[in-house]
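In: I would like to see how this sequence folds:
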Amino acid sequence: MNKNIYIKYSNDIKILLNLFFKDKEVLIRYLSLYLENDKEITSLTKLNTEEDLIDQCFEFNDNKYVVYKQLSVKLPDYLLEPYNEVSLIFSDFYASFINQNAKTYISKDSYKSFHSFLKTQGSFIIGRWFILPNTTLLSAPKIICPIKNIITNLNFDQEIDGTSEESYDSIGNFITNFKNYWIPSIQLTCDDTIQSNQYITFSIKAFHKDNQVCLDEVNYYIEPIQGYTPNKEIKMINGEGVGKIYALGLNPGDKLRFKINSKYWTDLAEKILTVV
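Out: Here you go, the predicted model:
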């Protein structure tokens with residue numbers, strides 16, 4: 001799976017974004033089309049520096065642009081938790097890293113509706129990062145998807161044309177598959193039956209999509225749909241963990257269903273037991 005994806009959503013030449021990424025920070029420069037001939041042209045290599053380039057002129061794709069705004073946005077450490085998805089939103093005056101999953105979970109909002117809300121505020125998403133253990137903005141899997149053309153210090157493994165309306169659904173599916181690839185798979189081993197008002201112990205193993213055991217120090221959680229668990233957290237050691245589920249208050253013939261979730265992702269595994 002490619003790690004660095006660029007989705008091009010615009011052919012507009014009036015505005016250009018310069019995104020200069022560091023490990024935990026991004027420098028954003030806004031450039032507007034410049035039609036005069038009274039400014040000296042600055043080398044594009046300057047855009048890969050932290051210098052203040054306000055009012056400097058650059059030539060890109062046979063057009064001249066002038067930097068009219070420059071701002072720096074730092075990624076808070078609390079968003080660097082493994083398997084968190086981080087989004088960078090921006091407007092003409094503001095930019096910030098957010099946990100989009102938390103925003104949509106709390107509001108019970110869909111991604112599409114959330115994006116529509118951002119537009120009403122004059123904001124858009126520049127990119128999404130899938131934070132893996134010990135990764136940064138530079139090394140983490142990412143999808144850069146601004147609504148403006150960009151110049152950046154990132155090197156992309158794949159570019160996707162998102163300028164047509166027909167591409168919307170296919171891009172949505174691509175983003176979903178991209179995220180799912182980096183989420184560890186959970187193998188749940190458990191009996192098929194459980195005695196009424198008794199408990200059973202089950203085990204889980206975490207694997208990467210290449211079938212290698214996931215040794216990351218990430219815990220998982222039990223979500224009983226029926227039944228009860230005294231401790232929802234499953235601590236992982238060398239990619240394995242155990243949990244307990246009780247058929248509390250359930251009678252023979254009932255079903256007990258439970259799920260395994262992580263802190264940021266649900267429905268990683270599921271089991272339905274028959275109460276006997």
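
In: helix, strand or coil for Ile171?
Out: helix (DSSP: H, G, I helix; E, B strand; the rest coil).

In: Report the contact partners of the closest residue to it other than its chain neighbours.
Out: Leaving aside its chain neighbours, Ile171 sits nearest to Gly162 (5.4 Å; criterion: CB to CB, 6 or more residues apart in numbering). Backbone N, C-alpha and C define where each C-beta goes, glycine included. With contact taken as CB atoms under 8 Å, 6 or more residues apart in numbering, Gly162 is in contact with 7-9, 145, 168, 171.

In: Is it correct that Lys46 is in contact with Gln56?
Out: Yes: counting by CB atoms under 8 Å, Lys46 touches Gln56, with 7.2 Å between them.

In: Comparing the two, which shows the higher neighbour count?
Out: Counted by other CB atoms under 10 Å, Lys46 and Gln56 do not tie: Gln56 has more neighbours, with 20 against 13.

In: on that earlier part again, state the pair within the contacts of Gly162 that is farthest apart.
Out: Lys8 and Tyr168 (13.6 Å; CB to CB).

In: follow-up on the earlier one: quick check on the residue nearest to Ile171: phi, psi?
Out: phi -110, psi 20 (degrees, to the nearest 10).

In: Next one, pLDDT for it please.
Out: pLDDT, Gly162: 82.

In: quick one: it from Tyr78, how far?
Out: In this view, Gly162 and Tyr78 are 31 Å apart by CB to CB, to the nearest Å.

In: my guess is Ile15 contacts Tyr34, does it?
Out: No: here Ile15 does not reach Tyr34: they are 11.6 Å apart, not a contact under CB under 8 Å.

In: ok, of the contacts of Gly162, which come out buried?
Out: With burial judged by 16 or more other CB atoms under 10 Å, the buried subset of those is 7-9, 145, 171.

In: Residue ranges in the stretch 101-250 of the chain under the pLDDT threshold?
Out: 101-122, 165-166, 168 (pLDDT under 70).

In: Which residue ranges of the stretch 51-200 of the chain form strands?
Out: Assigned by DSSP state E, counting those that start in this stretch, the strands in the stretch 51-200 of the chain fall at 57-60, 63-74, 85-90, 95-98, 124-130, 142-144, 149-152, 158-161, 185-189, 193-194, 199-207.

In: Next up, the contacts around the nearest residue to Leu250 once chain neighbours are set aside.
Out: In space, and not counting its chain neighbours, Leu250 is closest to Val275: 4.6 Å by CB to CB, 6+ apart. Contacts for Val275 (CB under 8 Å, 6+ apart) come out as 193-196, 247, 250-256.

In: same deal with Ile144?
Out: Counting by CB under 8 Å, 6+ apart, Ile144 touches 4-7, 19, 126-127, 150, 152, 154, 156.

In: Ok, Glu25 next?
Out: 72-75, 137 are the contacts of Glu25 under CB under 8 Å, 6+ apart.

In: Check Leu248 too.
Out: Going by CB under 8 Å, 6+ apart, the list of residues near Leu248 reads 197, 227-228.

In: Report the buried members of those residues.
Out: 227-228.

In: okay, the contacts of Leu248 in TSV with distance to Thr266 next?
Out: Listed next are the contacts of Leu248 as TSV, based on distance: CB to CB, whole Å:
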residue	distance to Thr266
Asn197	28
Gly227	18
Tyr228	19
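
In: now the residue nearest the centre of the chain: how far from Asn134?
Out: Central residue of the chain (CA atoms, centre = their mean): Glu85, 2.8 Å from the mean position. Glu85 sits 17 Å away from Asn134, going by CB to CB.
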